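> Here is my input; please provide its structure:
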Amino acid sequence: MGQGRLPARLGLACCLLLLLGGSGGLGSRGAMTWGQGEEEEQGPVVEGGRWGRARYEAVKQHLGAVGALSKQYWHYLACKVWQERCEEEEEEEQSSPGWSLPLVGQDYLQILSAWYCSFGKCCKTGDCRIINNLTGLEADLNGQLHGQHLAKEIVARAVQGFLQSPQPEKALVLSFHGWSGTGKNFVARMVAGHLYRDGLRSECVRVFISLFHFPHHKYVDSYKAQLKKQISETVQLCQQSLFIFDEAEKLHFSLLDAIKPFMARSDTKGQVDYRRSIFLFLSNLGGNIINEVALDFWRAGRAREEISMEFLEQRLRLELQEPEESGYARSRLLEENLIDFLVPFLPLEYHHVKLCARDAFLARGLPYTEAALDEVARMMVFVPKEEKLFSAQGCKSVTQRINYFLP
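Residues are numbered from 1 along each chain as shown. Alright, predicted model coming up:
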């Protein structure tokens, strides 16, 4: 625990104990209200304005009860929030006579601990940080992901159907394909952010970048052991875990082979259950065939929204199964039907880049004009050379380019 957090936590707890003290006294045994004390003890007043002994004893008894109650509140709160060195103390309290925390106070502290846990870690597993905000995910896909009608529909339906299934047969495996900057990482972050309170920082989420985490093929055996260990440990901590593999086309095929058992249908009796896990593979592979289809539709005068998954999927599968392209074919992920959905990301056009620029301005609270959005879009490189239809970088670097408009 960081030293900076402790004083703040202690201060918060002490303030709350002061607020809770009064309500706790109402439910504690042996405690009396001020009104009861005055009615029960009406002894004579001693000369000089001092209280009578009977009233003094009543007040003393009340203050002692409140003090004991506050101590109980503090112990309960500390154990709920930090859960450190509480087991032995709880055993001692259970073996010794005493009074329990009032029910009213317990209700207040349950609410308090739940509120605190919305900001910090309060459970042994990461499952308490799962939110599964499917409504928010669908809304953000529709509002923030531009030019990707296929990706919006597939991701929303696949994730919703999987999470709402009472007993899925296998882990959910989605493979994102398309040019750089078309939204693959953006959607992966969106999924993490709406399924887990801590997003990509969640203990339930693991992100692997091929060339960063597995750079040398000569160490592939060591990578395999480490990867399997991390997946297994994460699922033991969080049954609903999310694994993201960026630059998946650069993964050595033996690494894909190593994780295939985690994605396959299996009998999990007596073992860790991986069927609630989600795997996302992000790859530039297949981008060329996706772009060719989009260009053909444009040249034929047809809207890109007319591109259907049925029309595109077979072409995409054929390209992914070329042995010389990547480990996808050699690992037989597609042939063994381990990938549930291929998710194509179409190339972005000029007006999509303008929408990305608009979102970047809004995210930073900056005013914008149509002229500014046009200027940002014109900074990008568009291909093919003749049509100049698609942004070669997608929306990547748009956020940096609006720095030119800062005062």
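
> Other residues contacting stretch 368-381?
Residues outside stretch 368-381 that contact it (Cβ atoms under 8 Å, 6 or more residues apart in numbering): 350, 353-354, 357-358, 361-362, 391-393, 397-398, 401-402, 405. (Glycine included, C-beta is placed from N, CA and C.)

> Equivalent analysis for stretch 245-255, please.
The contact list for stretch 245-255 (Cβ under 8 Å, 6+ apart) reads 175, 185, 188, 207-211, 214, 217, 220, 223-224, 227, 279-285, 325-328, 330-331.

> Which one of the contacts of stretch 368-381 sits in the busiest neighbourhood?
Within the contacts of stretch 368-381, neighbour counts (other Cβ atoms under 10 Å) peak at residue 353, which reaches 28 neighbours.

> wait, is that residue part of a strand?
No. Per DSSP: H, G, I helix; E, B strand; the rest coil, residue 353 lies outside any strand segment and is helix.

> Neighbours of the nearest residue to it once chain neighbours are set aside, how many?
In this structure, residue 353 finds its nearest non-sequential neighbour in residue 377, 4.4 Å apart by Cβ to Cβ, 6 or more residues apart in numbering. Neighbourhood size, residue 377 [other Cβ under 10 Å]: 22.

> Residue 377: helix or strand, and which one exactly?
Assessed by DSSP states H and E, residue 377 sits inside helix 370-378.

> Let me see the mean pLDDT of that helix.
Mean pLDDT, helix 370-378: 95.

> And it, what's buried?
For helix 370-378, burial by neighbour count (16 or more other Cβ atoms under 10 Å) applies to 372-373, 375-377.

> and of those residues, the nearest to residue 148?
residue 377 (17.5 Å; Cβ to Cβ).

> any idea how far the closest one lies from residue 245?
To residue 245, residue 377 is 31 Å away according to Cβ to Cβ, to the nearest Å.

> cool, residue 132 as well?
As judged by Cβ to Cβ, residue 132 and residue 245 stand 22 Å apart.

> Which strands or helices does the helix or strand just after the helix holding residue 377 pack on?
As assigned by DSSP H and E, the chain's next helix or strand after helix 370-378 is strand 382-383. Here strand 382-383 touches strand 390-391, going by 3 or more Cβ pairs under 8 Å, 6 or more residues apart in numbering; DSSP states H and E.

> what is the mean pLDDT for the strand it packs on?
Per-residue scores along strand 390-391 average to 97.

> Same check on stretch 257-275?
The average of the pLDDT scores along stretch 257-275 is 83.

> what residues does it touch?
Taking Cβ under 8 Å, 6+ apart as the rule, stretch 257-275 contacts 167-171, 173, 224, 227-228, 231-232, 235-236, 239, 277, 279, 331, 333, 336, 338.

> mind listing which of those residues are in helices?
If you go by DSSP state H, the contacts of stretch 257-275 have 224, 227-228, 231-232, 235-236, 331 in helices.

> Quickly check these for the two that are furthest apart.
Farthest apart among the ones in helices among the contacts of stretch 257-275 by Cβ to Cβ are 236 and 331. That separation is 24.9 Å.

> Alright, calling it a day.
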